[in-house]
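*Asks:* Have a look at this prediction, sequence included:
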There are 2 protein chains.
Amino acid sequence: MSGGVEWAVHCCVVLSEAEGPVPAQRLAEFHGISRTYLAKHLQALSRAGLVSSTEGRVGGYVLTRPADQVTVLDIVLAVDGREQAFRCTEIRQNGPLPASAEACARPCGVARVMHAAEQAWRASLKQVTVADLAAGVTADVGAGTFPALRDWLAGQG
Amino acid sequence: MSGGVEWAVHCCVVLSEAEGPVPAQRLAEFHGISRTYLAKHLQALSRAGLVSSTEGRVGGYVLTRPADQVTVLDIVLAVDGREQAFRCTEIRQNGPLPASAEACARPCGVARVMHAAEQAWRASLKQVTVADLAAGVTADVGAGTFPALRDWLAGQG
DNA sequence: TTTAACGCGGATGACTGATGTCCGCGATTA
DNA sequence: TAATCGCGGACATCAGTCATCCGCGTTAAA
């Protein structure tokens, strides 16, 4: 699992609490991470339609949907891609006793188990929204966190 | 997710249906995969205690436990390691507004969500045993599959 | 007793993907 | 006109996967 997912989720939480477009420069500075590399992941979020970007001088990123309609799964799939982590190489078709062609119409039992587990993983991520995460931050580190964030964002602009 | 997991699971299914120790050579030949590389994964299974190895001339691998007491999760953890796929880099402690030390006693909300999803993934893999997979093979490709496998294994010995 | 088959672990190299940077382009605003 | 910003491609680096080979000790058959 790529580390860019962590950055992207944290950025979405920040965007959900910001009042206007936030440029990648600010997001990177706020999180203490690489600006150029974070830009890649933000562009992936933009291509997936999760965030909207405004170009030009006072540009930046805004959440496209309300925070309670953006799940963590949405972000993970946008950054890490939609393909399954398990890739069946069909080794049942190899060797001296290969499976018949008609038996290979459906995926093999091993692949089915792996894909079911991945579905469970995705279902778990789908249950949590960016709004839930933002509420968790307030509960964890205090109600003053996001006002302070907004002040810092405004002070930089 | 490493491809060696797929090999290891298939090998465990074969071992569950074999009558005696099966050497890595046979397992690799049967699946049409690299012998030397498969040996690495089998050694990982051995270190994890899932299979027992007998050295020497007629050596090979045997399942240590009954097939209905070996879960797919056991195999995955043995081959791919027991660490979580998501690694929190604690970016909440970076930047101009770092989280306080006491707030960082517990993992952050993002990490909690990711770890919960991984737990769901593991729980799903834990529900399926090697015996279940073997039964699935019989259902998918016919009851004659494992007898033919045993014949082939005996014929090579 | 010799030989061949086998498991084990370390060293090694190729390859793939993740990570990270840089540059040029077009858009927008001061 | 200049500065800021998003976008995409090219590029370099690095870690992990994939795969091979070697030497060692073990065991059973010839």
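*Replies:* Right, received. Where do you want to start? Numbers count the residues shown, from 1 in each chain, chains lettered A, B, ... in the order given.
*Asks:* The longest helix anywhere in chain A and DNA strand D in contact?
*Replies:* Counting by DSSP state H, the longest helix found in chain A is helix A:109-126. No: with C-beta under 7 Å from any atom of the strand as the criterion, DNA strand D is not reached by helix A:109-126; the gap is at least 13.5 Å. Where you see a C-beta, it was placed from the backbone N, CA and C, and this is true even at glycine.
*Asks:* Whichever helix or strand comes after that helix relative to helix B:109-126, how many degrees between them?
*Replies:* Per DSSP states H and E, the first helix or strand lying C-terminal to helix A:109-126 is helix A:130-141. Interaxial angle, helix A:130-141 versus helix B:109-126 (axes from the mean of the first three to the mean of the last three C-alpha atoms, to 10 degrees): 120 degrees.
*Asks:* Could you list every helix and strand in contact with helix A:130-141?
*Replies:* helix A:4-17, helix A:72-80, helix A:145-156, helix B:109-126 (3 or more C-beta pairs under 8 Å, 6 or more residues apart in numbering or on different chains; DSSP states H and E).
*Asks:* helices and strands around the longest one, which ones?
*Replies:* Taking 3+ C-beta pairs under 8 Å, 6+ apart as the contact definition, the neighbouring helices and strands of helix B:109-126 are helix A:4-17, helix A:72-80, helix A:109-126, helix A:130-141, helix B:72-80.
*Asks:* Distance from the chain centre to it, please.
*Replies:* Computed by C-alpha atoms, centre = their mean, to the nearest Å, the chain-centroid distance of helix B:109-126 equals 18 Å.
*Asks:* and what of the third one?
*Replies:* Mean C-alpha position of helix A:145-156 versus that of the full chain (C-alpha atoms, centre = their mean) differs by 23 Å.
*Asks:* Give the buried residues for it.
*Replies:* For helix A:145-156, a neighbour-count test (16 or more other C-beta atoms under 10 Å in any protein chain shown) marks A:Thr145, A:Phe146, A:Leu149, A:Leu153 as buried.
*Asks:* where does chain A dip in pLDDT?
*Replies:* A:157 (pLDDT under 70).
*Asks:* who touches the residue positioned nearest the centre of it in this structure?
*Replies:* Ranked by distance to the mean C-alpha position of chain A (C-alpha atoms, centre = their mean), the top residue is A:Ile75 at 2.1 Å. Taking C-beta atoms under 8 Å, 6 or more residues apart in numbering or on different chains, we find A:Ile75 in contact with A:Val5, A:Ala8, A:Val9, A:Cys12, A:Leu45, A:Leu50, A:Val130.
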